[in-house]
Each structure stands twice: as C-alpha cells, then as structure tokens.
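**Q** model this:
(2 chains)
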2 protein chains.
Amino acid sequence: MKHCPTCGNTVRYRIPPGDQRERAVCSECGQIHYQNPRIIAGCVVEHAGLLLLCRRAIEPRRGYWTHPAGFMELGETLQHAAARETREEALAEVQIGSMLTVTNVLHTGQVHIHFRGTLAEPVFGCGTESLDVKLFEESRIPWDEIAFQSVEFSLRRFLEDRRLGRESLHFLDIP
Amino acid sequence: MKHCPTCGNTVRYRIPPGDQRERAVCSECGQIHYQNPRIIAGCVVEHAGLLLLCRRAIEPRRGYWTHPAGFMELGETLQHAAARETREEALAEVQIGSMLTVTNVLHTGQVHIHFRGTLAEPVFGCGTESLDVKLFEESRIPWDEIAFQSVEFSLRRFLEDRRLGRESLHFLDIP
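**A** Just a heads-up that it's a prediction; the model follows:
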C-alpha cells in the first residue's frame, strides 16, 4: 500500500500510538489502514467413498489437482464459502459437514480452513476455473500432482480419519 | 475504498471478467482490490477452574467484559494471535488448547475463532487495553456485562462442555 484508499494521498509506515506494529498511516487524513490475513475456505467432497477433485485452469498451480477451495467473501459464512467454491469449480451442490483442517500459511498471510463435505448425487461438472473434475478412488488420487500443501494435508487427514472411523480437527503451520 | 492503494487514482466498482462480484478496480492502473473478512482470534482462559476476563478500556464496548481476543496479524498463526492478545490484554502467558467456537459475524465481515486456554500460574495483570482483569468463578461471571455475543457464546459453550467432560467445536452465525 502506497496511497490512502480513502483520500488517495501517500501513506507512511509507522507505529501508531498504543500499537505494537508498523501500519500504513495516511500523511494527509491520518487514517490507519490495517492489513490482515485472508481466509481460504474449502472442502474435501465425498460421494460413495470417492473424492471429488478439480484440475486447476488458473494460476497459481494451473494443471494441478485440488479439492474445491478459494477466498472467503464478505457477507458469507465459512461454510457458505466452501459450498460456493464447490458450486463454482465443480458445478456441484455439497452438504458441508465437520471442520477437517486449519492451515496457517504464514508466508502468504492466509488461513486455509477446510471442511468435510458430501455430495448426495454424483452430479458435477467443470466450472470455468477447472480443466477437469473427477471422482477418485483413494488408490487413484494423483498425489504427485496436488496443487497445495494444505490440500494434500486435508486429503491425507480425511482418509486417515475415515479409516479410523472418526472426524477430528487437524492443524498445520507452513512458515 | 475510493482510491487505488497502489497508484492513488480513483477506483470504480465493477465486476471484473470471470468474476461474480463487484470489486474496486483502479481506473488508471487497472488493479483489482479485494476486500475479505478479517479474523478475530481469542481464547477462554482457565486457571484452577476459574475463568480470566478483562474489562475493556477501549471502544467498542468500553467497560464491558471479554476473554482475550483481537485481530489476527500477518505473520502469526491463529494460536499465536490468541496467545498474543492474552499477553497484551491480561499480561498473562496462556497455553492454547483445542478450538472452542467459530462465529461468522456477517454484518462486520469478521470470523471470530476462539480456543480453550490454560494459565499454568495465576500470574496476570492489566494491559493497556483493559480497565481490570480478574479470575471469575462460574457463578460470578457478569453475564449482563459481556462485551460481545461471540464471547458469551464461547463462555457458555466452554462451561457446558466442561460439565460434560468434553471439548467440542461449536459454530454460531450472526447475520
């Protein structure tokens, strides 16, 4: 941030009174602009024991596989965001279940929050952000072509918990 | 947002190609500026069966009681954020435990994520954002003076789970 989003004048980075961190402070109107982590919401989608994966049509990691996930928007809940991403990327109506993983991605300033989800019917398709969408047996999951570390973490914990007959919540920190 | 944080020229709100929502798009440099929900991280802090509450010295809700909580910062995990807020507001070193509640606050564009936490020793004090910090027995919690709905939700679920000998994760949506 170089300019104040409110008045357009230049900002300076300094620690406001009572604060502990440098913030972008407008040199004209004095407004303080905070920058905070963003939330990625997503879900591991299961149907009849198979997992729904999308091959990304967009950067980053175009051509790699992921479960549905993307930036949470203003005005929606975490669960709505995960369901909306599933609708957009896989043209599917998912039922959101328990929370599966929370990944703190420090270098990108993101928190990835993934849920368990189920498809009542095997009705899905290829959204504009996907090159391909498929249901995979566990033994056919393309582990060498998974888009993101948080997605691999979620898929592995999902499968492990399923074998153990439990639904735990798992944490991962990526420096 | 009225001005581009990168170049300072005016932004217009329109739906970029391939998007579904209006975004602030710079009329000069074309950059798209996304606005997303922010995370509040916090924790219900227990010591010897008592709960640590802080009376807020700052707005909003100055004079009302809360457990430690505040905006997550870039470069920290959810758990670090909850522990830092406890350090700042209550001058206490908390051990963060399981996730307790997730509250989607739609009207403020926030997600409040609260953990269970424990103080090994009853060492705490009054941070600059607090008027008072105290350990409360369950029967003495000032329910009529709790600062936020998500905080009351967390305190009630914490106590309920403690009675039932479990550590569940609970969700609340505030429209």
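
**Q** Tell me who's in contact with the residue lying closest to residue A:33 once chain neighbours are set aside.
**A** Nearest non-adjacent residue to residue A:33, counting by C-beta to C-beta, 6 or more residues apart in numbering or on different chains: residue A:24, 4.4 Å away. Yep, even glycine has a C-beta here, placed from its N, CA and C like the rest. Residues in contact with residue A:24 (C-beta atoms under 8 Å, 6 or more residues apart in numbering or on different chains) are A:1, A:4, A:11, A:12, A:13, A:32, A:33, A:35, B:5.

**Q** Which pLDDT value belongs to residue A:62?
**A** The score at residue A:62 is 98. That number is its pLDDT.

**Q** Validate this expectation: it resides in a strand.
**A** No: counting by DSSP: H, G, I helix; E, B strand; the rest coil, residue A:62 falls outside a strand, being coil.

**Q** what's it in contact with, if anything?
**A** By C-beta under 8 Å, 6+ apart, the neighbours of residue A:62 are A:56, A:131.

**Q** does the residue nearest the centre of chain A count as helix, strand or coil?
**A** A centroid search over chain A (C-alpha atoms, centre = their mean) returns residue A:40, at 2.9 Å, as the residue closest to the centre. Following three-state DSSP, the label given to residue A:40 is strand.

**Q** same deal with residue A:155?
**A** Residue A:155 is classified as helix under three-state DSSP.

**Q** separation between it and chain B?
**A** 21 Å (C-beta to the nearest C-beta, to the nearest Å).

**Q** quick one on the thing from earlier: and which of the contacts of residue A:24 is nearest to residue A:136?
**A** Of all these, residue A:35 has the smallest distance to residue A:136: 37.5 Å, by C-beta to C-beta.

**Q** tell me which element that closest one is part of?
**A** Applying DSSP states H and E as the criterion places residue A:35 outside every helix and strand.

**Q** on that earlier part again, contact partners for the residue nearest to the centre of chain A?
**A** Listed by C-beta under 8 Å, 6+ apart, the contact set of residue A:40 reads A:69, A:70, A:71, A:72, A:110, A:111, A:112, A:113, A:150.

**Q** Report the spatially nearest residue to it, omitting neighbours in sequence.
**A** Residue A:40 sits nearest to residue A:112 (C-beta to C-beta, 6+ apart), 4.5 Å away.

**Q** Dig out what the one you found forms beta bridges with.
**A** Note on residue A:112: beta-bridge partners by DSSP bridges are residue A:40, residue A:103.

**Q** what's the distance between it and residue A:172?
**A** According to C-beta to C-beta, to the nearest Å, residue A:112 stands 9 Å off from residue A:172.

**Q** joint contacts of the two?
**A** A:101, A:102, A:103, A:150.

**Q** Now flag whichever of those residues is closest to chain B.
**A** residue A:102 (6.7 Å; C-beta to the nearest C-beta).

**Q** Share the number of residues neighbouring that closest one, please.
**A** 23 (other C-beta atoms under 10 Å in any protein chain shown).
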